[in-house]
Each structure stands twice: as structure tokens, then as C-alpha cells.
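*Asks:* have a look; sequence and predicted model below, questions after that.
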Amino acid sequence: MSIETAERQDTAAVAPEQPMLEVKDLVVRYGRGRKAAAVPAAVDGVSFSILPGETVGLVGESGSGKSTIGKAILGLQKSAGGTIAYQGEDITHAGAAKRRALGGELRAVFQDPNSSLNPRQTVGASLAEPLRLRGVTAAEAREKSEAMLERVGLPREAVDRYPSQFSGGQRQRIAVARALICDPRLVVCDEAVSALDLSTQAQVLNLLADLRDERGLSYLFIAHDISVVQFLAQRVVVLYRGQVMESGPAAAVTEAPKHPFTQALVAASPVPRPAEQAQRRAAREALGVRTAAAVAVSPGGCPFSQRCPLATELCTSERPALRKVGASDVACHYA
Amino acid sequence: MIPSVAPAPLQRKNALARFSAHRLFASPGGVAGVIWLAAIVAASLTAQWWLPYKTEDQDFTAVLSGPTAAHWLGTDELGRDLLSRIFAAAAGTLGTSLITVIVGVGLGTVLAMLAAAAGERVEAVISRVTEIMMSLPGTVIILAVIGAVGTNIPLIMAILGVLISAGIYRVMLGQAKSLQSQLYVDAAKVDGVSTPGISLRHILPGLTNTIVVQSALIFAVGMLIQAGLAFIGFGPPIPQPSWGGMIQGASQHVYDAPWLMVPTGAVLALTVLAANAIGNALGKTPNATSSHLPSAAARRRRASVVAAVGAAPVAAAGTHDAAAKGQLSVRGLCIGVDGGTPLVTDVSFDVEQGTVLGLVGESGCGKTMTALSLLGLLPSGVSVTGGQILWNGKNLAAATERDMEGIRGRDIALISQEPMRALDPMFTVGYQLTAAIRRLRKTGKAEARNEALSLLEKVGIVDAERILKTYPHQISGGMAQRVAIALALSGRPRLLVADEPTTALDVTVQAEILSLLRSLVKDTGMSVVMVTHDLGVVADICDNVAVMYAGQVVESGRTANILDNPRHPYTLALLAADPHANSAADMPERLATISGQVPQPKDWPAGCRFAARCQFAGSACATPVPLLASGSEEGLVRCVKADELAVEGLEWLATEVPTHRVLKIVEKDLA
């Protein structure tokens, strides 16, 4: 344990600016052969990086490719192009052995707390699994599991119980415990709180924030809810149909969005203050963003051009590149 | 030193054994099957010590005899004792059948796990191979093997197992694939568990139930086929007893000694029956048969409760006032599980025509139950146990199922969280919509189609003609919710019950659906009861709101009053926990939380149900708290400290255990 920490400090000292994770021009396609070429890529040239201790939020609608990016980083989905580098090391096509070595440092918390724990294993067995893979003895794994459960606010006795004996929020705490038990450095949280009620959601969000502050964790926080993202993230990447529309500091993206899609997304998120919500509604309607159509966009243009109130011929013919606008990078001809 | 035995598999096995055993012994057939098989096996294995005769002993004084004192089950044509021969043969028959089971189920399961784990290409190859195996005539192959190697029973039964494994593979594949898509499998992959490791630890345990059931059935099949082979002369070499061979022998004396067939035939039949009974008992999933339709008994119970509710005196609130068109007035509504636990108690609210009421709260607070009761759609086993649901002056809580059929869809319609569930995947949108219009408005086909088109346009679908021809799976979630709303509007309802209608949708689509609902309310003057957990949605669309907690309304009133100036600690806490309530600039470092969780109905205290989680709870909270006027317009609040809190302007604080301290202790322990 102490050797590990020492090593960590070394690497930190050698390359303080090296990102924890760097995704470059990532492309992911579903299906095989001709079928895959016919449909637009699920992830189409996405680049971003996560610095040590930083939380990057990945926001977008369903089908925007945000979960696919998480899966590609975790090695659960093959990528068709681009690179994923973990601490400078290319892991895009890492094999099982490499993944196993990474498994302790790069971990995940998934959306559905009902399905992310094996219902036939005790909580203790689920928690011990990643440790046992790394040669920790059963007794030590149990002790660590109990300690970790206590850390996420559950009784130590929970090790001998089954997931079905816990509520959704408690199960998500167990999933967080499982992700953090082998002292990871980067955690991919895929809609980690979307299935939870408000009060439990707040508990899990606080827990994630606390653990980050204690352990200097990096998070890739994937969510459809921009308000939830802005609670945790320092930087936000906004996706639409597999492409980055805007990325930048959380405050800039959520308070002063530059891209028409980000503006629509922020305006559509309702706030629990009736007077302010009425204003936001009026502002959203004034934006004039059109309803999503089922028709596929022309491959050359901006993916948002069909719904965009500002779209011109240029937008349907030429895909805008990301460029610096204020503190953010925006992919819009007219930002 | 603690031995480093992984405790998990042991525990898993125990749990499984407990579970299976429980189910097995719950059915009399299963019990009988187990007893019979156990008896046969025990008797057969111990045969050499207790059998009265050797299998080859011939008693020429009693050839082809029926049951006698000397030969309990009679003798065959050579005067051999049947009882001895049946039990001597049993072990061999059962044992070799077991070979079929092990080979067949084992191979099928392994192939299914391999196909599920290794991806499409491997699956395609294995599937094609098993299809070929299934198309081969099994009898011909087995006879060919016998021709080549002679009657080697274990080998033949193993080959039979291989042939059967193709069918087992088919049964297992779907299940293995669905297990493979579970998130915990993804989690294990992230851990770096190898593919075989995942199959063994996460897939196989999930298949155990099917494996056990299939094994029992294949065991029976194996016994029958083996007996059949012996019957046509391919059994064990002649003097050695076998069930099939004995039946074959008996068949030659079926006219002169019919009894000869009975003992062997009965034992074989009973053993096959026992194996099937065990399979049946294990395969029965608990509660698999409980349908969502109420049973006759449940309907009778409901009728009696309805009568009781109807007989209750009408509340003081004048029903004549409520008789205005399109007015809903719920008074003291109680809903409970039949014969016990209450789920909703004393809920009252009013919905004026053309207004939207929000029912808000966390899951398990009874808001969906309340909404479903308005339509008489409570799940079976749950019913209204008291109070009134006054719709235009008529008490729906006391209405019969027939009355409700006239109201549902026509007066009161429902849209649910999952729009796809409202649409039948087998029929086009157009078919479902016109069918509903024809049924609810009694119009002709052509007219219904025009009406369907105009309804779709009304819910903001631009290319209505095209959508009419599509199937539900061909449209997006937002589009499906629009169609579901159109479907709900087809009976021109005066009240729309919307159960989390936007929860499954993207925020941009949610905003569009909320706008649509708002314009429908404005244009048609219908009212909406909106069930939601999202306070932003409440702020957006609701005129009034009732905050529910643990089956009670804890606060109600005008939306603006409640959200801007909440009086109940629960409302305060919900708002404090909502990240949407804060902009990025003033986002707190920690969100406020509510410790613990919503209590189960059986754990509700007599006093304030929120007290256990409340930051402001005191001794006064232990007694039942009435819903009282909060002082702001017609607002009501169920809290003894509401005034005190309002005066002092207290806020719900983020008070969680200082976690840093807990961690330090833990780390010290570990070191």
C-alpha cells in the first residue's frame, strides 16, 4: 500500500501536467461491416482530457454517445478510430491482461443500482471480487470491504447480506464502495445518480464529492442532467449525436452557453422556482429550437443544423470545427 | 491464521440450496418424486445385502408366477425373481441415464455460456452446428453407433447426451445472453475478470435453476430411451437385468402372463413421473401465476369494500358545489393492501377545472397509488379502504367496475411514465388510435382516421400521415409520449392523470411535452393530476401542489407559495437537496440531504411520519399531526412546528457525518 502511494507521488512529481486520461478523435461504430458504415458513428471524433483530481462532466441527450464513450474508455466497447491514453499510455486496444492491471485504477459506477450488483452474491463477495483478483487474501478483503462499507455510510454487517435487502440508494452506495475499494485514480460514473430519488441523489453526490476531495480522484461524470453535472464537474463537455458541441469550464458552459444546443439544453432544465421557471420557459420558447426529427442529418454538416434556429446553408454543408470562444471551445459557425 | 477459503461460493450454494429445497418441498409432487427416487437409489445400491435372490437364480417351481409369499412381485419365464431383478437393474439404468444428463446439460450449458460470452461470430457458428445436430435423426445415429461398437450402454447414453445438448443449448442461450448484458458483468469486466471467470462466477449461478429443471427432465427422457433400446434388443447383454429388457421379455408373455408387465412397467413409469415431478416443482417460479387482473375473490372483496365506502356518510363539504363540470374532489382517501397495511391515509385535494395539480414526493410515498385510484386501476390486492373520490359529485371510490369502465378513457384518462407501455408493439400507431376513437366516440372508420390525424397534429406531430403508419418501436421516446397523449385524448377526457409523464425523456423533449400539456389545458379546459418527483416540473406546469410523504399529504397549496416559501420541513429538505435549485455560481459545496429513507408502511409511527428524519423534530412530533392552515392563502401544512420555523426562518442544513473523520479511523484500523 505504501509503495503504491510512493509510486504515485513519483509520477506526480515527474509529470505534473500529464492528464489522467486523454481521449483523442475517438470514433465508435455499432454493428459490423457494411451495416456499420451505413449508420452514422455513435461517437464521431470526440477529444477531451481529464487532469489528475479533476472531474469532467459529459452531458447530452439519449443517443448522444456519452455512455458509449464511457464504455470505450472502460474497454467494454471497441473503438473504430482515435486513441484513449491513460496516464500517457495508449489503452485503446488494451488486452485482457492490461485491462486487469488497469482494473484497480480505472473503475466504474453504473446507472442502475439494481443490475450493477450480482443478486446471487453477497455484498461482501461483490466487494471482494476486484480485491481477490489482485491477490488480496479473503480475510483481508473482508476487512477492507467492511471498512469501505462503513465509509459509504452502511453498517459493517452489510457484507453478509444480499443486494435485494437494500434500497436503491443504499445499493448505489455499495456500487460506489465497489468502485473505490481498490483505491482507483479515475472513476467513470455513468448516470450514477439518475435512478435515485432527490434526497438519496444528494447523499450519493455528496459522497462522490467527499471521496474525490479525500483521495484526489478524477471522475468522468456522465449524465443527461446538466444541473447534476455542474454540482460535481469543473469542466463540462456537451455532446450531440456523437460529436462535441461545446466544452469548457462548468460555470461558463452552464451560465453562458455559446452553442445553440447547449443553450437549448440549459434552458430546458427546469428550476424549482415558479417565477424564474416562467422566465426560463419564455426564453426557451424564444430560442426557437425545433423538435428533434427522426431523419438523419447530412453527413457533411453540423449535426444540430436541423433543429438549430440559426442554421444556414453553411451549417448543412460544412461541419464546424471546435474553436475557442471565450473560455470554451465551441463547434458552431456562428458562436 | 484464517484459511483463505473464499466464503462467497459457499454462501451462494447454501442460499441456492435453501431456495431450491424450499420450492421443491413446497409441492407435494416434488416431495413424492424425491422420496421415490431416493428410495429406488437406496434400495438399488444396497440390493446385494437385502435382496432375497440373485438375479440369475431360477426357481423352476414358480415360472411366470404372480405375487406370492416367496416372490413378492412374481417371477419371469425362467422363474427369476422380479423384485430382485428390478432393483438390481435400477442402479445401472439410473446411473447411465445420469450420463445423458451430465453430457447433455453440461455440454449445452457450456456451449451457451461460450456463445454468450464470445460474441456474435462464435454464437453464429455454434448455433448453426447445433441446428445441424437437431436435424439429425437420433435413433439412426444411435443404431449406427451400436452397429460399430456394440451395445456399450454408457457410450450410447453419452452420445444421446451430445444429441440432446443442442436442445439444451437453445434453452440456455437466451438466458445466458441476458445475464451477460447485466451491468454487474460489465463491472466484472472492468475489474479485469477473465471471460471464463465471468461465465463461472456471474453467468452459471444465474443458470442454475434452468439447469436443475432441465436435468430432471432429461433424466426422465434418458431412462425412457434406454428402456426403449433394451426393448428392441440393444440393452445390456442377456442374462444381465435391465428394465427395458424385462419389459421386452414380458411383452412375449402378454397373453399368458399379463402380470409380468406390471411391476417393471410401473416402476419405470413411476420413476419417470418422479423425475418430471421434481423438474416441475423446481421450475415453478413463485408467484408466476399472479396476474394483474383481480381474481373473483378479490373482486368480491372489492365489491364489499366499495359498498362500505359508499355507505359512509358524505363529507361535510357540500357535494353540490363539487358538481360543477370537470371538478375532482378527493376527501380523506385511504388506500390499503387488502386485509392489512395502509398505503395512503387521509389524502384530500381538489382539482378545479382547467388547472394542474402536482402530486410530488419520493418513491414509496403513495403518489402513484393515489393517482391510480382516481381511475380505479389499483393493482390487485390493493383497494380504496375509505374516503371519497368525488368526480362531478359522483363518488368514484364507491363506483362499480362497470361504472368505472364508462368513466375511464372518456372522462378520466391516463398517461404513464413509459409511453411504450401504452402502445401495443404489434399494431401500428394508426390502428391503435383509430380503434380507441371508434370505441370511445362511436364513430365510423373514415371519420376515426381523420380524427386520429387531427389528434396527432394537436399533440404537435408534424408528419402525422407517416406516423399513423409506423409501429411503436419505429418512433422515438418523445414521439411515443406524444402518441400516448393523443391516445389519452381520444375520449375527450375532462381530467388527465399523468404519472411521471416526462421522467423517461430528455430535458429538451420534456420541455416540449410540458408545453404541449400546458396548451392542451388552456385550449380544452381539461384538468391534470401530475405525479412527479421533479420540483422543476412542478414549478413549470402545476397551479397547485400536494407534497406527499409516507402516504400522507404533508403540505399543499399554490405552487408559488409552496416552492418559494415552503412551510413543511420535508418540502424544505427536498428543495435543499435539489441541485437544480442552485445555479453554477452559487452551487453549494455539499447538497443538503435527508438522512435515512422513507419508512415502509408497516413502520409508520403514530406521530409525524417524517420526524425520524427531520432536523427540527421534537417531543411534540410524537403525537399525530393534523393538516392545518399554513396561513398563506389556502395552503395547508402537517407540522406542529411550521409556524415556529416560519418565524425563525430556519433552513434545512447539509448535515452529514463529517466523513473525513470516519475515514481516518478506518485507515488507522487497516494499518
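*Replies:* Good, I have the coordinates. Residues are numbered from 1 along each chain as shown, chains lettered A, B, ... in the order given.

*Asks:* got the domain boundaries for the chain?
*Replies:* Assuming you mean chain A. A:2-105+A:184-330, A:116-183 (automatic domain parsing).

*Asks:* sorry, I should have been clearer: chain B.
*Replies:* Chain B breaks down by automatic domain parsing into domains covering B:34-283, B:563-648.

*Asks:* is chain A contacted by the last one?
*Replies:* Yes: where contact is defined by CB under 8 Å from any CB of the partner chain, part of domain B:563-648 touches chain A, namely B:563-564, B:573-575, B:577-585, B:587, B:589-594, B:597. C-beta coordinates here come from the backbone N, C-alpha and C atoms, glycine included.

*Asks:* which of those residues are buried?
*Replies:* B:563-564, B:573-575, B:577-582, B:584, B:587, B:590-594, B:597 (16 or more other CB atoms under 10 Å in any protein chain shown).

*Asks:* pLDDT wise, what is B:Met369 at?
*Replies:* Turning to B:Met369, the model gives it a pLDDT of 91.

*Asks:* helix or strand: which one has residue 97?
*Replies:* Unless you meant another one, I'm taking chain A. According to DSSP states H and E, A:Ala97 maps onto helix A:96-102.

*Asks:* should've been chain B
*Replies:* Taking DSSP H and E as the criterion, B:Ser97 maps to helix B:82-118.

*Asks:* so how far is B:Ala90 from B:Gly29?
*Replies:* Distance, B:Gly29 to B:Ala90, using CB to CB, to the nearest Å: 21 Å.

*Asks:* of those two, who's got more company?
*Replies:* B:Ala90 (22 against 17; other CB atoms under 10 Å in any protein chain shown).

*Asks:* give the contact list for that one.
*Replies:* Each residue near B:Ala90 by CB atoms under 8 Å, 6 or more residues apart in numbering or on different chains is listed here: B:40-41, B:43-44, B:47, B:243, B:267.

*Asks:* any stretches of chain B with poor pLDDT?
*Replies:* B:1-23, B:284-326, B:583-585, B:654-671 (pLDDT under 70).

*Asks:* returning to what we had before: distance between the helix holding B:Ser97 and the chain's centre?
*Replies:* Offset of helix B:82-118 from its chain centre (CA atoms, centre = their mean, to the nearest Å): 32 Å.

*Asks:* stretch B:149-163 now?
*Replies:* 41 Å.

*Asks:* equivalent analysis for stretch A:276-285, please.
*Replies:* Here the centre of stretch A:276-285 is set off from its chain's centre by 28 Å, with CA atoms, centre = their mean.

*Asks:* hmm, the lengthiest helix in chain A touching chain B?
*Replies:* For chain A, the helix with the greatest residue count under DSSP state H is helix A:198-215. Yes: counting by CB under 8 Å from any CB, contacts between helix A:198-215 and chain B involve A:198-203, A:205-207, A:209-210, A:214.

*Asks:* which of the residues you listed sits closest to B:Gly536?
*Replies:* B:Gly536 lies nearest to A:Leu198 out of those, by CB to CB, at 10.8 Å.

*Asks:* for that closest one, which non-adjacent residue is closest in space?
*Replies:* Nearest residue to A:Leu198, sequence neighbours excluded (CB to CB, 6 or more residues apart in numbering or on different chains): B:Ala577, at 4.9 Å.

*Asks:* isn't that neighbour right next to A:Ser199, touching?
*Replies:* Yes: using CB atoms under 8 Å as the test, B:Ala577 is close enough to A:Ser199 to be in contact (5.1 Å).

*Asks:* in its sheet, what does whatever helix or strand A:Leu58 lives in sit against?
*Replies:* Using DSSP H and E, A:Leu58 sits within strand A:55-59. Strand A:55-59 sits in its sheet next to strand A:218-223 (parallel), strand A:235-240 (parallel), going by DSSP bridges.

*Asks:* just put the ones you listed in CSV and tack on mean pLDDT and mean neighbour count.
*Replies:* CSV is the format used below for the strands paired with strand A:55-59 (pLDDT from 0 to 100; neighbours: other CB atoms under 10 Å in any protein chain shown):
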stretch, mean pLDDT, mean neighbour count
strand A:218-223, 94, 26
strand A:235-240, 94, 26
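
*Asks:* take those and write them to JSON lines, including distance to B:Val337.
*Replies:* Shown next, in JSON lines, are these (distance: least, CB to CB, whole Å):
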{"stretch": "strand A:218-223", "distance to B:Val337": "36"}
{"stretch": "strand A:235-240", "distance to B:Val337": "45"}
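
*Asks:* just checking the distance from the longest helix of chain A to the centre of its chain.
*Replies:* With CA atoms, centre = their mean, you get 15 Å for helix A:198-215.

*Asks:* now do stretch A:40-53
*Replies:* 10 Å.

*Asks:* how long is stretch B:582-593 from one end to the other?
*Replies:* In stretch B:582-593, first residue to last residue: 15 Å (CA to CA, to the nearest Å).

*Asks:* residues in contact with it: which ones?
*Replies:* Here stretch B:582-593 makes contact (CB under 8 Å, 6+ apart) with A:199, A:202-203, A:205-206, A:209-210, A:227, A:230-231, A:250-251, A:254-255, B:573, B:576-579, B:652-656.

*Asks:* please convert the buried members of these into PyMOL selection syntax.
*Replies:* To isolate the buried members of the contacts of stretch B:582-593 in PyMOL, using 16+ other CB under 10 Å:
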select buried, (chain A and resi 199+202+203+205+206+209+210+227+230+231+250+251+254) or (chain B and resi 573+576+577+578+579+652+656)
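
*Asks:* tell me which of the contacts of stretch B:582-593 fall in helices.
*Replies:* Of those, the ones assigned to helices by DSSP H are A:199, A:202-203, A:205-206, A:209-210, A:227, A:230-231, A:250-251, A:254-255, B:573, B:576-577.

*Asks:* list the contacts for residue 261?
*Replies:* Here I'm looking at chain A. With CB under 8 Å, 6+ apart as the criterion, the residues that contact A:Phe261 are A:238, A:240, A:245-246, A:289, A:304, A:307-308.

*Asks:* nope, chain B
*Replies:* With contact taken as CB under 8 Å, 6+ apart, B:Met261 is in contact with B:247, B:250-251, B:254.

*Asks:* if you set the cut-off to 6 Å instead, what comes out?
*Replies:* Going by CB atoms under 6 Å, 6 or more residues apart in numbering or on different chains, B:Met261 touches B:Ala250.

*Asks:* look up phi and psi at it.
*Replies:* phi -70, psi -30 (degrees, to the nearest 10).

*Asks:* residues near the residue in the stretch 51-200 of chain B that chain A sits nearest to, how many?
*Replies:* At 2.9 Å from chain A, B:Gly192 is the closest residue in the stretch 51-200 of chain B, using CB to the nearest CB. Neighbour count for B:Gly192, taken as other CB under 10 Å: 21.

*Asks:* excluding its backbone neighbours, what's nearest it?
*Replies:* A:Arg100 (2.9 Å).

*Asks:* check A:Gly81 too.
*Replies:* A:Gly81 sits nearest to A:Val27 (CB to CB, 6+ apart), 3.6 Å away.

*Asks:* my guess is the one you found contacts A:Gly82. True?
*Replies:* Yes: with contact defined as CB atoms under 6 Å, A:Val27 and A:Gly82 form a contacting pair (5.4 Å).

*Asks:* now do the shared contacts for the two.
*Replies:* Contacts common to A:Val27 and A:Gly82, judged by CB under 6 Å, 6+ apart, are absent.

*Asks:* so which residues of the stretch 1-150 of chain A form strands?
*Replies:* A:21-28, A:43-50, A:55-59, A:81-86, A:89-90, A:106-109 (DSSP state E, counting those that start in this stretch).
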